[in-house]
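**Student:** Predicted coordinates and the sequence they were generated for:
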Amino acid sequence: MEQTLSIIKPDAVKKNVTGQIISRFEQNDLRIVAMKRIQLSKAEAEGFYYVHKERPFFESLTTFMSEGPIVVMVLEGEDAIAKNRALMGATNPANAESGTIRKDFADDIERNAVHGSDSAESAAFEILYFFSGMEIR
Ligand code: IDP
Ligand code: MG
């Protein structure tokens, strides 16, 4: 069993497709073991995405991620990190395979519906960024 962090980003929350996205996780044997709906401040979005702080899209990305509410989840299951990434599809929805979340719900490379941890190290950091041990059951 492995845990990963998933975020339904402001674009997808605004479109009211939270339930459709969560269904895909459950249909693929990922279990929600923690979940909340919050709105990040700009500084909180910058802290979450600090690994990208030198990238040209950092300013725009963190403005987008703080523009409206998000739904943050810890998903648990076998190979949860890789499985979630596969369900998400490519960063740019134009390159995402059919049937993936980003193909079906993302607008463009920035407003791309979901976030998922990309390694065990990032999952550990990202889960702790949003949840305390008591909130994960
Ligand atoms: P990932 O979310 O597929 O892991 P990353 O490369 O880690 O992709 O980028 C983090 C987020 O930054 C992406 O999900 C997307 O919202 C945004 N992003 C990535 N590349 C670009 C870009 O070239 N232009 C604008 N935004 C981008
Ligand atoms: Mg990433």
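**Tutor:** Structure received. Ligands and ions are numbered 1, 2, ... in the order given.
**Student:** quick one: the strands in this protein?
**Tutor:** Listed in chain order, the strands of the chain (DSSP state E) span 2-8, 31-38, 70-77, 114-116.
**Student:** Out of those strands, which is closest to ligand 1?
**Tutor:** When these are compared by CB to the nearest ligand atom, strand 114-116 sits nearest ligand 1, at 5.5 Å. Quick note: C-beta positions are derived from backbone N, CA and C, even for glycine.
**Student:** Relative to that closest one, what are the paired strands and their orientations?
**Tutor:** Take DSSP bridges as the rule and strand 114-116 pairs in its sheet with strand 2-8 (antiparallel).
**Student:** what does this protein have sitting close to ligand 1?
**Tutor:** Contact residues, the chain versus ligand 1 (CB under 6 Å from any ligand atom): 52, 57, 61, 91, 109-110, 112, 115, 118.
**Student:** so which of the strands of the chain gets nearest Glu135?
**Tutor:** Glu135 sits nearest to strand 31-38 of all the strands of the chain, at 5.0 Å, using CB to CB.
**Student:** Counting neighbours, which bits of that closest one end up buried?
**Tutor:** Applying a neighbour-count criterion of 16 or more other CB atoms under 10 Å, the buried positions in strand 31-38 are 33-35.
**Student:** And for stretch 14-22?
**Tutor:** 17-18, 21-22.
**Student:** Rounded mean pLDDT for that stretch, please.
**Tutor:** Mean pLDDT, stretch 14-22: 98.
**Student:** and if you look at stretch 124-137?
**Tutor:** Rounded mean pLDDT across stretch 124-137 is 97.
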